[in-house]
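Visitor: Have a look at this fold, sequence not included:
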């Protein structure tokens, strides 16, 4: 019996070692300039799109790209990969961080060796990077959702917001911009009656959506700037047969929303395009390496098909905004629903 | 005559907790109804019962586990695992009949529960530790079988979704399934030998063993039942919300434990009634349904929920203390 237990333990340890090693790839050739991107973890469809965009950008300019991610979304896994990339003498590292601060030591070491470090999507703190690629311009994201719901309800009636948690930083920033946009005179006939919080839980989001419909029988539109929320809202509208009476837009994963967009319950919604986030990061990395930018406020560079981009301030550090979010509607949802 | 009166008093005391809970529910309902007249409408009651069905089904299993002095923290993870397994099958083989897929989900859940039971009875691991470990194993496995991907609404078949969203005789399927589970549980617990043996195992394991009850088998049985119900509700959860992700139902085990505690199930084993957990789940469901309806700030929602649970537990302790005191008094005389 003891033997069996020992054997199992040994096998388990071996298996763990194997699993953590499977996230790594063989070292690249010497010579050509090498641009690395490190995502949060392997097997993430969203991350694969982001890395694909980065790859497209780097290969457009004929350089070599290295795509990496740990098997599990941990800081340790990312630090090990950074160490490995430093040893490989890459020219730039683009980080999608698993932690805001914990990678700073490893990234500082990389920068000391002359490697250009930037972050995208999920940022590292200003000290650990030269510049950050922000997928979402909070102002544009907030405003565009109000513009969308206005168009859907013909500029008149009650609207509500179904958000994630009441403390969610992203969502709260977007909602502030929504309220800002609503102050414009063209929205004088629209009224934001409530911001409800579904905590990104399916059951709670459904309850909150049901309560919205009961408390505001004349509700015309709902904006849900979160995937779980918008899908729950779509589900409730479908279940109660309110298609056409209550309109829905917001931010959500195309796969989650495909069936509601195809059925017309949600005419269109938004999300950033992860390919573009990676693509912009690729061009920013190349601009950092060839010295055309240093990561200081006010510098500009050409980002391939995305055009000219400017570096702006972000707290202590600097960032580059991707721009307005991408619109998902009946005509393009079929091609995107399998992507992420 | 005096004896008869005393007996009557004891019966009342026994039923007090359920009665108190019922009164509590009625008072809350009246208060909410005054603030928002849409509470006691057919539509809202239907929504409320539908949203409480899964919780109430799980409470049955959790009660049995608590009765044997155990606890199961792995149920939400088990739901996610069984539900994800079923969802993946629906996505990849949409032609398979939904009921068959549900049976596969139930089997997977039962197996996980069975393993819990083995670890606890034969492995002599504390229930809280064994099921905590199982929780992580199942969450990890869910992530592995799904490869981190979600199964989304468009990948489910209508037949699969209808299991939870469809209606029979005008009543939602989830509610019907919950009613069936409760009827079966009531019969099993009160009218079968095995049901009574589970209670004997929990109220005094040593004397249960001496009187010839195979307590290990009882423990394995209750965790298997818990697993079976987790598998069932896991599949229903995915069908209901038309979406499966590896963190589905995260933290839901706490709601179920809370519903049991509200329903007067003792955490130290041996006691718990079907009627109690039915009311406990209902109260929990009413809280979830009404707090958004009466426009409480989101910061207060959790606090109010917690306060109600604490109140219920305090009432439980006081009622129990009163009962023991009375029993002791009677013995002294």
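Guide: Noted; the coordinates are in hand. Being a predicted model, the structure only gives us computed values, none of them experimental.

Visitor: Report the residue spans of the stretch 101-250 of chain A with pLDDT below the cut-off.
Guide: Of all residues in the stretch 101-250 of chain A, none has pLDDT under 70.

Visitor: Spell out the residue ranges of the helices in it.
Guide: Ranges of helices in the stretch 101-250 of chain A, per DSSP state H, counting those that start in this stretch, are A:104-112, A:138-152, A:169-182, A:202-215, A:227-239.

Visitor: what do you get for chain B?
Guide: B:2-35, B:42-67, B:75-92, B:98-121, B:127-146, B:158-165, B:173-191, B:193-203, B:205-210, B:215-241, B:252-262, B:274-293, B:298-332 (DSSP state H).

Visitor: Indicate whether the longest one makes contact with chain A.
Guide: Yes. In this structure, helix B:298-332 sits against chain A according to CB under 8 Å from any CB of the partner chain; the contacting residues are B:298-299. All C-beta atoms are positioned from the backbone trio N, CA, C, and that covers glycine.

Visitor: quick revisit: what would the helices of chain B look like in CSV with mean pLDDT and mean neighbour count?
Guide: What follows is the helices of chain B, written out as CSV (pLDDT from 0 to 100; neighbours: other CB atoms under 10 Å in any protein chain shown):
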stretch, mean pLDDT, mean neighbour count
helix B:2-35, 69, 13
helix B:42-67, 93, 24
helix B:75-92, 94, 27
helix B:98-121, 95, 22
helix B:127-146, 92, 19
helix B:158-165, 88, 19
helix B:173-191, 94, 17
helix B:193-203, 89, 18
helix B:205-210, 86, 13
helix B:215-241, 94, 26
helix B:252-262, 91, 24
helix B:274-293, 89, 23
helix B:298-332, 76, 13
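
Visitor: Throw these into CSV and include distance to residue A:201, thanks.
Guide: As requested, those are exported to CSV (distance: least, CB to CB, whole Å):
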stretch, distance to residue A:201
helix B:2-35, 22
helix B:42-67, 12
helix B:75-92, 11
helix B:98-121, 21
helix B:127-146, 16
helix B:158-165, 17
helix B:173-191, 17
helix B:193-203, 32
helix B:205-210, 37
helix B:215-241, 10
helix B:252-262, 9
helix B:274-293, 11
helix B:298-332, 12
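
Visitor: hmm, back to that, among the helices of the stretch 101-250 of chain A, which is the most enclosed?
Guide: helix A:227-239 (a mean of 26; mean count of other CB atoms under 10 Å in any protein chain shown).

Visitor: Pull up the residues of chain B that are close to chain A.
Guide: B:36, B:38, B:43-44, B:47, B:51, B:147-150, B:152-154, B:165, B:237, B:241-243, B:248-250, B:252, B:288-289, B:292-293, B:295, B:298-299.

Visitor: And the nearest residue to residue A:336 once chain neighbours are set aside, its phi and psi?
Guide: Excluding its sequence neighbours, the residue lying closest to residue A:336 (CB to CB, 6 or more residues apart in numbering or on different chains) is residue A:254, at 3.9 Å. Per-residue torsions, residue A:254: phi -60, psi -40 (degrees, to the nearest 10).

Visitor: Tell me, how many residues neighbour residue A:254?
Guide: A total of 24 residues lie near residue A:254 under the criterion other CB atoms under 10 Å in any protein chain shown.

Visitor: Same check on residue B:148?
Guide: Counted with other CB under 10 Å, residue B:148 comes out at 17.

Visitor: wait, it sits on residue B:246?
Guide: Yes. At 6.8 Å, residue B:148 counts as touching residue B:246 under the criterion of CB atoms under 8 Å.

Visitor: Which segments of chain A make up each domain?
Guide: Domain ranges of chain A: A:29-135+A:274-323, A:138-271, per automatic domain parsing.

Visitor: And the ones you listed: which comes nearest residue A:331?
Guide: Ranking the domains of chain A by proximity to residue A:331 (CB to CB) places domain A:138-271 first, at 9.3 Å.

Visitor: End to end on the closest one, go ahead and measure it.
Guide: 12 Å (CA to CA, to the nearest Å).

Visitor: my guess is residue A:36 is in a strand, correct?
Guide: Yes. Judged by DSSP: H, G, I helix; E, B strand; the rest coil, residue A:36 forms part of a strand.

Visitor: pLDDT wise, what is it at?
Guide: pLDDT, residue A:36: 92.

Visitor: Run a quick neighbour tally on it.
Guide: Around residue A:36 there are 26 residues (other CB under 10 Å).

Visitor: which ones are touching the residue nearest the centre of chain A?
Guide: The structure's chain A has its C-alpha centroid closest to residue A:121; by CA atoms, centre = their mean the separation is 5.3 Å. Residue A:121 makes contacts with A:50, A:96, A:133, A:135, A:274, A:277, as judged by CB atoms under 8 Å, 6 or more residues apart in numbering or on different chains.

Visitor: Among these, which one lies nearest to residue B:176?
Guide: Nearest to residue B:176 among these, with distances taken as CB to CB, is residue A:274, at 42.5 Å.

Visitor: residues in contact with that closest one?
Guide: Per CB under 8 Å, 6+ apart, neighbours of residue A:274: A:46-47, A:49-50, A:53, A:121, A:135, A:340.
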